[in-house]
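>>> Can you look at this prediction? I've put the sequence above it.
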Amino acid sequence: MKAFRFLLVAISLLCVIPCFGKRVRLNGNWDRKQKSIGIDIPITATVDENMKELSLQFNRNIGLVYVTIYSLSEEVIYYEVLDAIEFSSYTIQLDKKLQGEYVISISDNMNNVYGLFEF
């Protein structure tokens, strides 16, 4: 019975932990209209270093956002406007030749979050 319980817990953890990439820590803030609720960033970003993919998940409807990925020398690698609806996810396929550190910036002209990742 203990082995079954352990197996059930292990399977549950695998469902919760992202399997495909390393999480990108996003800094900045994203203000909510309801100030009495704690402010958190409604976006999760993960990077798959092998496939050179960046995945974005939006935890609530925040409307149009501007996604920019640029190198530390400020060369723009990727730019797109996304409609971020609740529970939507987007995968950004980057050039396989990219190496080094990059910055992702997500903005809606009032709020801005950014994160550093590397390949």
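Good, I have the coordinates.
>>> Buried residues, stretch 112-119. List them.
Neighbour-count burial for stretch 112-119 flags 113, 114, 115, 117, 119 (criterion: 16 or more other Cβ atoms under 10 Å). In this view, the C-beta of every residue, glycine as well, is placed from N, C-alpha and C.
>>> Shouldn't the fourth one be within a strand?
Right, residue 117. Yes - assessed by DSSP: H, G, I helix; E, B strand; the rest coil, residue 117 belongs to a strand.
>>> give the contact list for it.
By Cβ atoms under 8 Å, 6 or more residues apart in numbering, the residues touching residue 117 are 22, 24, 45, 47, 54, 101, 102, 103, 104.
>>> Quickly list what it is bridged to.
residue 102 (DSSP bridges).
>>> For it, give me the pLDDT.
Here, the pLDDT recorded for residue 117 equals 94.
>>> Could you check how far it is from residue 68?
Going from residue 117 to residue 68 by Cβ to Cβ, to the nearest Å gives 13 Å.
>>> hey, what's in contact with both of these two?
residue 104.
>>> just the helices in this protein please.
2-16 (DSSP state H).
>>> In it, where is pLDDT below threshold?
1-20, 31-39 (pLDDT under 70).
>>> Please repeat the previous calculation with a cut-off of 50.
Along the chain, the model assigns pLDDT under 50 to residues 13-17, 36.
>>> so where do the strands sit in it?
22-24, 26-29, 43-48, 53-58, 63-71, 76-84, 88-93, 101-107, 112-118 (DSSP state E).
>>> Can you show me the CA trace of the last one as PDB?
Once non-C-alpha atoms are left out, strand 112-118 reads as follows in PDB (Å, rounded to 0.1, in the frame of the first residue of the first chain):
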ATOM      1  CA  ASN A 112       6.500  45.400 -18.300                       C
ATOM      2  CA  VAL A 113       8.100  42.100 -17.200                       C
ATOM      3  CA  TYR A 114      11.400  40.800 -18.400                       C
ATOM      4  CA  GLY A 115      13.600  37.800 -17.900                       C
ATOM      5  CA  LEU A 116      17.100  36.600 -18.700                       C
ATOM      6  CA  PHE A 117      17.700  33.200 -20.300                       C
ATOM      7  CA  GLU A 118      20.500  31.500 -22.200                       C
END
